[in-house]
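In: output the structure for:
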Amino acid sequence: MTMENNTAPLKGLVLCGGFSTRMQEDKSKINYHGMPQWQYLTTLLQSLLQEVYLSCRPEQLNDFPGYPQLIPDNVPYGGPSAGLLSAHLLQPNTAWLVLACDLPLISRQSLEILIHARDKNKAATAFISPVNELPEPLIAIWEPAGLAALQQNVIAGKNCPRKTMLHNDINMLQNPYAAEQFNANTPEEKDKIFRDLII
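Out: Below is the predicted model:
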């Protein structure tokens, strides 16, 4: 698919296939909002999109009770690229609004901005990180052409979604709610989120 004739439908994808090594517990199961994080994110995306999928490792298939739309990793490489490309190979003409499972503060207002600003003629639409001014590849809309470029990079040994974004034409957005892009990857960061949510 070329970007010039991109009519790809937009679907949601929550990435839950990481090993959560730094957190020392499964980040997708942490209860920040009265439910496991995977359920919070899928519910959030379902309020905006008709179809929402969970990406996971094959051994996690029984970890999301009652949720039917699972995409197990089925490519020979790891990291978030595995989830992105497993979804792309399953539905190559789909654009994906991707969320990592370590985003406890993300809300509908940020996602509405992302969806409204989607540029189908670019490889992706992504927020700018408030930490380093680089694109956020895991709070983003990936178009089919962008995922095809990621696939070529991964095959060439360049397994980094952000670098793929940096070397392609993408739509980068400043998020007025940039605090919602905070990643909780350690027990200390998790505790900070719990304190902030209580306050």
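In: C-alpha from now on. contacts and neighbour counts both.
Out: Fine.
In: where along this protein do the helices fall?
Out: Taking DSSP state H, the helices of the chain run over residues 37-46, 80-90, 108-116, 144-155, 161-166, 187-198.
In: and E136, which of these is closest to it?
Out: Across the helices of the chain, E136 has its closest neighbour in helix 161-166 (7.0 Å, C-alpha to C-alpha).
In: ok, longest strand in the chain?
Out: Criterion DSSP state E: the longest strand present in the chain is strand 135-142.
In: which residues does it contact?
Out: Strand 135-142 has contacts (C-alpha atoms under 8 Å, 6 or more residues apart in numbering) with 95-100, 114-115, 118, 123-129, 161-162, 165-166, 172, 181.
In: from D191, how far out is T94?
Out: Distance, T94 to D191, using C-alpha to C-alpha, to the nearest Å: 36 Å.
In: also V52?
Out: For V52, the distance to D191 - C-alpha to C-alpha - is 28 Å.
In: and what of L54?
Out: 25 Å.
In: also C160?
Out: Using C-alpha to C-alpha, we find C160 at a distance of 29 Å from D191.
In: from the chain's centroid, how far away is the helix or strand bottoming out on mean pLDDT in the chain?
Out: Lowest by mean pLDDT, DSSP states H and E among the helices and strands of the chain is helix 187-198, with a mean of 87. Relative to its parent chain, helix 187-198 has a centroid offset of 21 Å by C-alpha atoms, centre = their mean, to the nearest Å.
In: for that helix, packing partners?
Out: On a contact count with 3 or more C-alpha pairs under 8 Å, 6 or more residues apart in numbering; DSSP states H and E, helix 187-198 meets no helix or strand.
In: residue numbering should commence at 52 henceforth.
Out: Fine by me, first position is 52 from now on; the one you just mentioned is helix 238-249.
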